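> Provide a 3D model corresponding to the input given below.
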Amino acid sequence: MTLITQPLSEAYGTLSYREVGQGAPIVLIHGVGMQSAAWAPQVETLSQQYRVIAVDMPGHGGSSPLPPDTPLPAFVDWLQAVMQALQLRHVYLAGHSMGALIAAGYAVTYPKELKGVALLNGVFKRSNDARAAVVARAQQIRSGGFDLETPLARWFGDTAIEQSARDNVAQWLSAVDLEGYATAYNAFAKGDDTYADRFSEIACPFLALTGDGDQNSTPEMSQAMADAVPNGVAKVIKGHRHMVNLTAPDEVSSALLNWVQSTRKEPQS
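Residues are numbered from 1 along each chain as shown. Coordinates of the predicted model:
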């Protein structure tokens, strides 16, 4: 899975992404602090039947950052610029965490461009206390207080596969551009309700997936998202937390594969 880097536009700078496979396109967006390589298990499975494009979010991997204080809708507009640059239409779109917020916003804003959307470990209408806590973390990151151990302890348990995934995630977090990370995290902290009241407008088949041990992207949130979408389904993977695509790679890859295949069976309008 070779990393490709190319100019995106004058406004957005450089885009980096990984592409492999042939067939219907599936676009993957990682979470804040991660990079496109975090989708490796899913890319391996999905690319056997589909064309898979895993993008580096602005300010992550090789993609240029957006300006400080950029809100979530600007990340959605960035994604549309990516789709246009790569000449992608009628795609299957999946996002993890911050990527899920972008994917949801895209599904609301550009509904005709999608055949289906899947949100992994997405946040939805946080409580006031939860929102205050994540906004405080965003402010801490912006001021240079980058705490690596706190999210790792929250995301991973002690099993061998979790510890292996933790090592990879720690490397990605350690390598992230701090300005780009702070900008994205600020949008993540303040964006959980940006599009929440418009989920009923998502017309394409919808999957919300999380782990039952994810304290911030909870099963209740996934079910609420699925309930808000006319054609929504929620799936909870037991025994896993926030980085479920890495700690339960086979289950998540299978769930995404089944989601795409069931979506392709939907009657065409």
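
> hang on, V91 packs against V27?
Yes. Contact criterion CB atoms under 8 Å: V91 and V27 qualify, at 5.1 Å. Placement of C-beta: from N, CA and C, glycine included.

> Find residues that contact each of those two.
M83 (CB atoms under 8 Å, 6 or more residues apart in numbering).

> So for those two, which sits in the more crowded spot?
Neighbours were counted for V91 and for V27 using other CB atoms under 10 Å; V27 has more, 27 against 21.

> element containing that one, please.
Element membership of V27 [criterion: DSSP states H and E] is strand 25-29.

> Run the chain-centre distance for the next helix or strand after that strand.
Counting by DSSP H and E, the next helix or strand C-terminal to strand 25-29 is helix 40-46. Chain-centre distance of helix 40-46: 15 Å, with CA atoms, centre = their mean, to the nearest Å.

> Check stretch 230-240 too.
Per CA atoms, centre = their mean, the centroid offset for stretch 230-240 relative to its chain is 15 Å.

> Could you list the buried residues of that stretch?
If you call a residue buried by 16 or more other CB atoms under 10 Å, then stretch 230-240 has these buried ones: G232, V233, A234, K235, V236, I237, H240.

> Also stretch 154-167?
Applying 16+ other CB under 10 Å to stretch 154-167 flags W155, F156, E162, A165, R166 as buried.

> On the three-state scheme, the third one is what?
In this case it means E162. Under DSSP: H, G, I helix; E, B strand; the rest coil, the three-state class of E162 is helix.

> Nearest spatial neighbour of it, chain-adjacent residues omitted?
F156 (4.5 Å; CB to CB, 6 or more residues apart in numbering).

> D250 too?
What sits nearest to D250 in space, not counting adjacent residues and going by CB to CB, 6+ apart, is P41, at 7.6 Å.

> doesn't S253 make contact with the one you found?
Yes. At 5.7 Å, P41 and S253 qualify as touching, with contact defined as CB under 8 Å.

> okay, and the common contacts of these two?
Joint contacts of P41 and S253 (CB under 8 Å, 6+ apart) are N245.

> can you pull out the helices in this structure?
With helices called from DSSP state H, the chain shows them at 40-46, 72-85, 98-109, 128-142, 149-155, 160-175, 178-190, 219-228, 244-247, 249-264.

> Perfect, I'm done here.
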